[in-house]
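>>> This is a predicted model, with the sequence first.
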Amino acid sequence: MSTPRTAQRPDLQLSRFDPLPRIMFYDDFSQGMSGWTELLGNYTGSLRTMHPGYRQFTPPMLSNLTQWDGGTHGALTGSYALKLATRPGRGAQTVSLKRMTFPKACTMQLECFFTFKPEAIELELSDRDVRSFGVVLDIQNDKHRVLPQVRYLNALNGEAQNKWQYKPRSVDFENVGDRTVTIYHYGEENWIDIPGGHQLLCYNEIPTKVNWHYFRLGFDVRTLRYTELQCNDTVLDLSDLDTLKFDAMPNLRNLFNVIPFVDSDSDKRAFLYFDSILLSGDW
């Protein structure tokens, strides 16, 4: 007896991904914000004690990618995408994050479909106006807190770069009072090229057009090591790379935050959009 054809149909949303056995979350932003929020830097007593780097961050928003020449673009598979937008200015940066904890130490894998553009305020290609975009994972086990972070460096000071990088070290922590410390690890310092990480991404000829890309990043919480990075058809082995590591901090046991970011290399705002994001684990 043959299997009914309806039983063979894949899940049209999840079949675009390659998740590990346990799906932690799947966010389709046509359904709403799904807990993604603005990152506020640590402060005590007053917001004025916050590190200046964090003060520039703006909250994420839902966007239907409306363009002045072509109307509403929409997301890859629905009407809305999650949008991160910097303030205008070279080096301006913003991040978003989803705050959670891990239920079991295992390999975790982040997947998403994304696109990036500068604000289309002039009739120019503008392919070097976005400096970079990337993701930070903020994880803590019993002994250590780690901040694995990778980025795609698109351009720097107006020169095309087109390569993946990681950051194995950062600046020192600063005290903001009441046993609270802060560290601004999103700066331009200490980025290192990932071996074999040069990659040209599709960037359309008109500044209002977008093309969506697939991204995947793995990290093993048991060993506190990267596994792989994939963007479209480029796959990079990251297992030999170091990551930012500190002694465990009070009250952060089982921390697992996902933090995408984008920054500008011109006076225009830089935009990073996500159609959907999926996190899975192998437990």
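Cool, the structure landed.
>>> where along the stretch 1-150 of the chain do the strands fall?
22-28, 37-38, 61-63, 66-67, 71-72, 81-85, 93-101, 107-118, 130-140, 144-147, 149-156 (DSSP state E, counting those that start in this stretch).
>>> Next one: His185 from Gly134, what distance?
Separation of His185 from Gly134 (Cβ to Cβ, to the nearest Å) stands at 12 Å. Glycine gets a C-beta too; all of them are placed from N, C-alpha and C.
>>> Look at those two and report which has more neighbours.
Gly134 (24 against 18; other Cβ atoms under 10 Å).
>>> Any idea how many residues pack against the closest residue to that one other than its chain neighbours?
Leaving aside its chain neighbours, Gly134 sits nearest to Arg151 (2.9 Å; criterion: Cβ to Cβ, 6 or more residues apart in numbering). The tally of other residues near Arg151 (other Cβ under 10 Å) stands at 22.
>>> Run through who's touching stretch 50-61.
With contacts defined as Cβ atoms under 8 Å, 6 or more residues apart in numbering, stretch 50-61 is touched by 33, 36-43, 47, 82-87, 92-96, 174, 176, 182, 184, 186-187.
>>> my read is Val258 is in a strand, agree?
Yes - membership of Val258 in a strand is supported by DSSP: H, G, I helix; E, B strand; the rest coil.
>>> just checking, it touches Leu137?
Yes - between Val258 and Leu137 there is a contact under Cβ atoms under 8 Å: 6.3 Å.
>>> Correct me if wrong: Asp265 contacts Arg128.
Yes - the pair Asp265 and Arg128 passes the contact test of Cβ under 8 Å, sitting 6.4 Å apart.
>>> okay, the two: which has more neighbours?
Higher neighbour count among Asp265 and Arg128: Asp265, with 23 against 19, using other Cβ under 10 Å.
>>> Ser276: which of the strands of the stretch 1-150 of the chain is closest?
strand 22-28 (4.8 Å; Cβ to Cβ).
>>> List the strands paired with the closest one, with their directions.
Based on DSSP bridges, the pairing partners of strand 22-28 within the sheet are strand 270-281 (antiparallel).
>>> Alpha carbons only: can I get the partner strand in PDB?
Extracted C-alpha coordinates of strand 270-281, given in PDB (Å, rounded to 0.1, in the frame of the first residue of the first chain):
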ATOM      1  CA  ALA A 270      23.100  50.400   7.800                       C
ATOM      2  CA  PHE A 271      20.200  47.800   7.800                       C
ATOM      3  CA  LEU A 272      20.300  44.100   8.600                       C
ATOM      4  CA  TYR A 273      17.100  42.100   8.000                       C
ATOM      5  CA  PHE A 274      16.100  38.600   9.100                       C
ATOM      6  CA  ASP A 275      13.300  36.700   7.400                       C
ATOM      7  CA  SER A 276      13.500  33.900  10.000                       C
ATOM      8  CA  ILE A 277      15.900  32.500  12.700                       C
ATOM      9  CA  LEU A 278      16.200  29.000  14.000                       C
ATOM     10  CA  LEU A 279      18.200  27.600  17.000                       C
ATOM     11  CA  SER A 280      18.600  23.900  17.500                       C
ATOM     12  CA  GLY A 281      20.700  21.500  19.600                       C
END
